[in-house]
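Participant: Need coordinates for the below:
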Amino acid sequence: MELGAVAAMRYVKDGIRAARLVMQHTEHTLLVGEQASVFAISMGLPGPMNLSSEESLKKWMKWKEKDCQPNFRKNILPTNSCGPYHPKENTQMGENSCPTVDLVKTTTRKISPINMHNHDTISMAVIDKMGHVAVGTSTNGATFKIPGRVGDGPIPGSSSYADDEVGACGATGDGDIMMRFLPCYQVVESLRRGMEPKVAAEDAISRIARKFPNFVGAVFAVSKDGVHAGACHGWTFQYSVRLPSMDDVEVFTVTPQSASVPCFVKT
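Facilitator: Numbers count the residues shown, from 1 in each chain. Prediction:
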């Protein structure tokens with residue numbers, strides 16, 4: 001149950017190493033923002049550095065030229081510009097009232113903006129010779145996210161979770177939706193209760209799909225003895241496995257539990 005994480009960190013390239021430093025050299029679990037960068041650099045990681053690339057700058061400029069569309073805002077005005085934004089009147093809170101919330105729209109979210117062209121999550125689980133289980137997840141976050149947004153990557157039990165006694169799970173996809181369900185915690189606890197990895201993975205994904213039928217995401221599950229499986233929704237998911245007996249990795253393809261437009265993600 002050792003864990004370290006960083007979020008909203010800038011100027012440091014290797015986020016997963018920074019997360020490990022938090023685990024190894026602090027009694028905290030999560031560091032965020034500028035101070036996470038300061039910590040990582042103070043512990044020997046290279047920085048500060050410019051993490052923008054020519055490709056990413058071009059994408060950002062094209063997005064600005066299209067009035068910052070698509071974006072992740074809702075219930076705001078104006079709806080088709082780069083702002084400044086303000087809430088619609090019917091979502092503002094008065095002193096003696098609650099905000100108006102359309103529960104139907106909340107659960108029937110528009111088609112997820114996550115796809116193979118803007119997604120870079122890598123989640124990996126390792127079981128060593130002593131049977132110890134470790135897992136880590138690293139991601140650059142959702143393209144065109146609102147500044148300050150934290151996805152599911154650093155959230156314990158969401159993008160990854162592990163327990164030596166049981167096994168591990170890794171996740172990828174629409175983190176803003178998936179973190180609400182802690183799917184990897186769900187998978188590991190299902191394994192603890194005796195579920196096979198395939199059933200545990202499918203159960204975790206189906207819990208999300210029932211509430212958000214348009215979400216895109218996937219999980220892999222692996223038991224402590226190396227039995228593995230995956231489940232996905234909204235895309236065709238691929239994960240790779242390397243066992244001690246294998247000369248190279250083997251890629252496994254998982255099809256969605258329901259009909260959807262297929263695309264691919266690496267993990």
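
Participant: Let me see the ranges of the helices in this protein.
Facilitator: 15-25, 33-42, 54-65, 103-107, 175-178, 183-192, 197-211 (DSSP state H).

Participant: can you list the ones you listed in JSON lines and add mean pLDDT and mean neighbour count?
Facilitator: C-beta here means a position set from N, CA and C on the backbone, and glycine is covered the same way. As requested, those are arranged in JSON lines below (pLDDT from 0 to 100; neighbours: other Cβ atoms under 10 Å):
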{"stretch": "helix 15-25", "mean pLDDT": "97", "mean neighbour count": "18"}
{"stretch": "helix 33-42", "mean pLDDT": "97", "mean neighbour count": "17"}
{"stretch": "helix 54-65", "mean pLDDT": "94", "mean neighbour count": "11"}
{"stretch": "helix 103-107", "mean pLDDT": "46", "mean neighbour count": "10"}
{"stretch": "helix 175-178", "mean pLDDT": "94", "mean neighbour count": "24"}
{"stretch": "helix 183-192", "mean pLDDT": "98", "mean neighbour count": "24"}
{"stretch": "helix 197-211", "mean pLDDT": "97", "mean neighbour count": "20"}
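
Participant: Asp128 is nearest to which of those?
Facilitator: Asp128 sits nearest to helix 15-25 of all these, at 15.3 Å, using Cβ to Cβ.

Participant: angle of the closest one against helix 33-42?
Facilitator: For helix 15-25 against helix 33-42, the angle by axes from the mean of the first three to the mean of the last three Cα atoms, to 10 degrees is 80 degrees.

Participant: and helix 15-25, what does it pack onto?
Facilitator: strand 5-7, helix 33-42, strand 133-138 (3 or more Cβ pairs under 8 Å, 6 or more residues apart in numbering; DSSP states H and E).

Participant: what's in contact with the second one?
Facilitator: Translated: helix 33-42. 6-12, 17-18, 21-22, 26, 31, 47-48 (Cβ atoms under 8 Å, 6 or more residues apart in numbering).

Participant: who wins for most neighbours among those?
Facilitator: Per-residue neighbour counts (other Cβ atoms under 10 Å) across these peak at Val6, which has 26 neighbours.
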